[in-house]
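*Asks:* Turn this into a structure:
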Amino acid sequence: MPKIKNISIIGDGGWGTTLAILLSGKGHSVTLWGAFPEYVETVKAKRVNVKFLPGVKIPHEVNITSSLNEAIDDKEIIVLAVPSQYMRSVLTRLTPYKLSGKVFVSVTKGIENKTLKRMSEITHELLGGVEICVLSGPTIAHEVVQGSPTTVVASSGDLALAKEVQEIFITDRFRVYTNSDIIGVELGGSLKNIIAIAAGISDSLGFGTNAKAALLTRGLAEMVRLGVAMGAKRETFYGLSGLGDLATTCISQHSRNRHFGEVIAKGKTLKSALKETEMVVEGVATTESAYELSRKYKVDMPITAEIYKVLYESKDSKNAVHDLMTRSPKREN
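*Replies:* So this is what the prediction gives:
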C-alpha cells in the first residue's frame, strides 16, 4: 500500500486543480493554494474552479487556501503549478520557510523571459539544493479529470526521486514513467506550445492535415536541435514530453495555445488576443524566450522565428506562411 503524503498544490489553475483532485482520489492529504484570497473563497464556497475548470466538483477532502503558511508548513510534497512567468515571484515568497526535506514537483511548462531559465533552474536558484522533479507530458486537464487514460513522465537526475514521484501520482488511469533527462523534459513541454500556436494559425487559415503534419514534424526538428544544443538527450523529444505533448497540444480542441493561434490569425493584436482569455497562454512568453535561445545557441528555428514575428512584430500570418514555404531548399536531416 503506497504511503499517504501531505501534499500542497501551489497554483489553482486548471491543471493544479486537476492534480489536487487526482491526488485526493488516491487518499493523499491535499491542499490547493491560490494567490487571490477573494477568488479562493469563491472556489471554497462553490467547490468548483469556475474560471479554470468549470463543471468539475472539487472533493471536500481537498483543502483550499490562500495562506502560504497553511500550504507549506507540514507538507512533504510541494507541487509547483503556477504559470512560468510568475514562478520566480511565488518561489521568492517561499524563501523564508524551512524547506529541507520537502520534495518539489514542477508541472509548469515554460521558459522564463530575460533569464531564459527553466523552472527547475529557477527553483534551485531561489531555494538552494532542494529536491525537485518535473512531471510533464500530454495532459489536457479536462480529459485527466474525467478519467481518460493519460501517460506522463516524472523526470529527475535522481532516479530514486523520480520513482518516488511516480508512485505518488500513478493511478490506473494516470500512468507515470520515469526519465532522467530533466533538461529535455522541461524543454519539450515548453517548446511544443510555440508549435501549437502555429497549428492554430494553420487551422484558422483553413489549411488541412498536410500542413498540420508538416508543422508537427518540422516543429519537432526545431525542438530537438535546440534541446541537443542545450544539453538534452535527442531521444527525450521522441517521447511523451516531446512528441506526445506536441501532438496533443497541436490537435486538441481544448488546447489554449492552439486556440490562441486561431485568434491571432483572425487579425487580433497580441494584446487584444490575450485579453480574451482568463488562462495564461504559456506559448506566448515561451516564444520570446525560445527565439532568444535560438540566437544564443545559434540554432536554426524557422517556425519559432516566424511565430515570434507574428506575435511581437505584427507580421501578417499569411506572409509568415509564405516565408516559411519559400525558404531555400534543404536536406530533411
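*Asks:* Roughly how far does residue 9 sit from residue 308?
*Replies:* According to C-beta to C-beta, to the nearest Å, residue 9 stands 32 Å off from residue 308. C-beta here means a position set from N, CA and C on the backbone, and glycine is covered the same way.
*Asks:* Would you check that residue 310 makes contact with residue 268?
*Replies:* No. With contacts counted by C-beta atoms under 8 Å, residue 310 stays clear of residue 268, the gap being 11.0 Å.
*Asks:* So for these two, which sits in the more crowded spot?
*Replies:* residue 310 (23 against 15; other C-beta atoms under 10 Å).
*Asks:* Not counting residues beside it along the chain, what's closest to that one?
*Replies:* Nearest residue to residue 310 in three dimensions, chain neighbours excluded: residue 320, at 5.3 Å (C-beta to C-beta, 6 or more residues apart in numbering).
*Asks:* circling back: between residue 9 and residue 308, which is the more surrounded one?
*Replies:* Neighbour count, other C-beta under 10 Å: between residue 9 and residue 308, residue 9 has more, with 32 against 20.
*Asks:* Put the alpha carbons of the helix or strand that contains the more buried one into CSV.
*Replies:* Here residue 9 sits within strand 6-10, counting by DSSP states H and E. Output in CSV follows, covering the C-alpha atoms of strand 6-10 (Å, rounded to 0.1, in the frame of the first residue of the first chain):
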residue,chain,number,x,y,z
ASN,A,6,0.8,15.6,2.8
ILE,A,7,0.8,17.4,-0.5
SER,A,8,0.3,21.1,-1.5
ILE,A,9,-0.5,22.3,-5.0
ILE,A,10,0.8,25.8,-5.4
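*Asks:* So what touches that strand?
*Replies:* 16-17, 19-20, 23, 28-33, 71-72, 74-82, 90, 168 (C-beta atoms under 8 Å, 6 or more residues apart in numbering).
*Asks:* how about a cut-off of 7 Å?
*Replies:* Outside strand 6-10, the residues that touch it by C-beta atoms under 7 Å, 6 or more residues apart in numbering are 16, 19-20, 23, 28-33, 71-72, 74-82, 90.
*Asks:* Work out the sheet partners of it and label each with its direction, please.
*Replies:* When sheet partners are counted by DSSP bridges, strand 6-10 sits next to strand 29-33 (parallel), strand 77-80 (parallel).
*Asks:* got a markdown table for these, with distance to residue 63 too?
*Replies:* As requested, the strands paired with strand 6-10 are exported to a markdown table (distance: least, C-beta to C-beta, whole Å):
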| stretch | distance to residue 63 |
| --- | --- |
| strand 29-33 | 4 |
| strand 77-80 | 14 |
